[in-house]
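*Asks:* Okay, here's the prediction I keep looking at, along with the sequence it came from:
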Amino acid sequence: MSEIRALEGHEQTAIAGMTFPAYRPLLGTSGAVVVAAYAGMVPIGAAIASLGGMAEALSIYVAPSQRGQGLAARLLTALEDALRRHGVEAVQATYVAGKPTTPQLEATLDRCGWDAPVIRMLVFKADLARMAGAGWVERAELGPEFEFVPWEPGTRPQGDWWPDDLDPARHEADMDLATSRGLRLDGELVGWVINHRIDAVTLRVSAGYVRPDLQMRGRMLGLYAEAGRLASEQGIERLTWTVPIWHPAKAAFARRWMAPFADMQESRGTGKQLST
Ligand SMILES: CC(C)(COP(=O)(O)OP(=O)(O)OC[C@H]1O[C@@H](n2cnc3c(N)ncnc32)[C@H](O)[C@@H]1OP(=O)(O)O)[C@@H](O)C(=O)NCCC(=O)NCCS
């Protein structure tokens, strides 16, 4: 029978191979809560959460040879107990669905009493060359009254017409200068696309927006198409981007026009109240 225990401080790094690379720097810091399953001295599964603001369950993993025995539910229960010991009253989680073990993950969340998952984002991955062949990309030309300018960090548009989650200020850290652009109309900033390099050949389109009164007639697409052209010049081969479901027009557009040229997955969110 395996034993499950909370890992503290430096010993958390022992399970670094059981989570995503992006979360490994968190291990061993005061912001991480980690529980692990052991068969003797050997770790066979782990669950990780972050503290601070709203606590978030980040990952759960069971070694392939140990799957199918309900270990995930024991790990998740132990993670919840560890969070309670830190005084956490509620925890949330977001995950990308469509993976081979998503049914097991969702059954585990359900068994442990988490809320029914809801779709949060559409997550796209696309081959840039294939995307460039989409008819709407070829047609996405902006009129001569529009001008693309390199994005200067710190630039702020006038007014308050953009949604908070697409505010340039939230996305400028470590942005890719070669492909991020502002869109001007008669000298005034009316849109932007801000991107991040994931690796040598992959670019994430992190935030794109055009002033609402200009959104018709494919202006947003013109901005994306420009970013795609610049990315291609930089040797980028793959694009990733997300479309939040709370921008319904964007989500409907993305399902209809982007999904045929890209791999589309859903990210889903759930949570659990831990206090009684
Ligand atoms: C997801 C994961 C942690 C599950 O671990 P596990 O201990 O093998 O889980 P189990 O096989 O015991 O299954 C858990 C539940 O899924 C159910 N289940 C198994 N196969 C299923 C299927 N095809 N459809 C629906 N439910 C299924 C089980 O019956 C069980 O539910 P129950 O407790 O109500 O009976 C494991 O598969 C894993 O490490 N996957 C890779 C990492 C990952 O994707 N993690 C999630 C994102 S961070």
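*Replies:* Nice, thanks for sending it over.
*Asks:* how many neighbours does M220 have?
*Replies:* 21 (other C-beta atoms under 10 Å). Any C-beta I mention is one placed from the backbone N, CA and C, and that applies to glycine too.
*Asks:* residues in contact with it?
*Replies:* Neighbouring residues of M220 by C-beta atoms under 8 Å, 6 or more residues apart in numbering: 191, 208-210.
*Asks:* Can you lay out these as JSON lines showing neighbour count, distance to A129 and secondary structure?
*Replies:* Listed next are the contacts of M220 as JSON lines, based on neighbours: other C-beta atoms under 10 Å; distance: C-beta to C-beta, whole Å; DSSP: H, G, I helix; E, B strand; the rest coil:
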{"residue": "G191", "neighbour count": "24", "distance to A129": "25", "secondary structure": "strand"}
{"residue": "G208", "neighbour count": "23", "distance to A129": "20", "secondary structure": "strand"}
{"residue": "Y209", "neighbour count": "24", "distance to A129": "26", "secondary structure": "strand"}
{"residue": "V210", "neighbour count": "24", "distance to A129": "25", "secondary structure": "strand"}
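*Asks:* and the spatially most central residue of the chain, how far is that from the ligand?
*Replies:* Centroid-nearest residue in the chain: T242, 6.9 Å away (criterion: C-alpha atoms, centre = their mean). Counting by C-beta to the nearest ligand atom, to the nearest Å, the separation of T242 from the ligand is 17 Å.
*Asks:* wouldn't that residue be in contact with F124 here?
*Replies:* Yes. Counting by C-beta atoms under 8 Å, T242 touches F124, with 7.1 Å between them.
*Asks:* Could you list the low-confidence segments of the stretch 1-150 of the chain?
*Replies:* The stretch 1-150 of the chain contains residues with pLDDT under 70 at 136-139.
*Asks:* which bits of it sit near the ligand?
*Replies:* By C-beta under 6 Å from any ligand atom, the part of the stretch 1-150 of the chain that sits against the ligand consists of 59-62, 67-73, 95, 99, 101, 103-105, 107-108, 111.
*Asks:* what's the domain layout of the chain?
*Replies:* Domains of the chain are assigned by automatic domain parsing as 3-114, 122-267.
*Asks:* Dump the ones you listed to CSV, plus distance to Q273.
*Replies:* Listed next are those as CSV, based on distance: least, C-beta to C-beta, whole Å:
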stretch, distance to Q273
domain 3-114, 5
domain 122-267, 22
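*Asks:* Minimum distance to S275: which of these has it?
*Replies:* For S275, the closest of the domains of the chain is domain 3-114, at 4.1 Å, according to C-beta to C-beta.
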